[in-house]
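# Coordinates only, no sequence provided:
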């Protein structure tokens with residue numbers, strides 16, 4: 001291996017922690033993992049569904065913080081930074097965007113609930 005290739009390899013290896021630092025804070029979680037985490041200390045469920053959806057959908061998960069995606073960046077102060085933050089919506093793309101906003105703002109324990117809100121309440125019915 002040439003000296004140049006060795007230098008490039010060392011640089012790539014040295015930069016990997018920096019490149020992965022944001023993604024290492026974000027993990028995927030199933031609805032079962034969310035259900036098991038609810039009620040535990042330092043666990044926050046962040047429901048980022050849109051306000052118009054919330055207005056017509058009277059089902060909520062007890063204890064969830066209701067912060068629509070379009071207002072998340074302005075409302076980070078209500079989400080404890082050292083908590084395990086589970087993000088739920090019906091659009092996984094919004095969950096990904098919200099997770100990135102949290103990671104960019106120093107949150108370390110972020111979980112994207114993969115199956116979404118409707119799947120959660122179908123499996124774990126909520127009281128109206």
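Sure, I can see it. Quantities reported herein were computed from a predicted structural model and do not represent experimental measurements. Residues are numbered from 1 along each chain as shown.
# Was I right to think residue 100 contacts residue 26?
Yes. With contact defined as CB atoms under 8 Å, residue 100 and residue 26 form a contacting pair (7.5 Å). To be clear about C-beta, it is placed using only N, CA and C from the backbone, and glycine gets the same treatment.
# neighbour-wise, which of these two wins?
residue 26 (20 against 16; other CB atoms under 10 Å).
# Could you pull up the mean pLDDT of whatever helix or strand residue 46 lives in?
Taking DSSP states H and E as the definition, one finds residue 46 inside strand 43-47. The predicted model gives strand 43-47 an average pLDDT of 97.
# can you list contacts of that strand?
34, 37-38, 54, 60-61, 63-67, 79-80, 83-89, 98, 117 (CB atoms under 8 Å, 6 or more residues apart in numbering).
# Out of those residues, list just those in helices.
34, 37, 54, 98, 117 (DSSP state H).
# one step back: just the buried subset of the contacts of strand 43-47, please.
Buried subset of these (neighbour count, 16 or more other CB atoms under 10 Å): 34, 37, 60-61, 64, 67, 79, 83-89, 98, 117.
# Looking at the residues you listed, which are in strands?
Per DSSP state E, strands hold the following members of the buried ones among the contacts of strand 43-47: 84-88.
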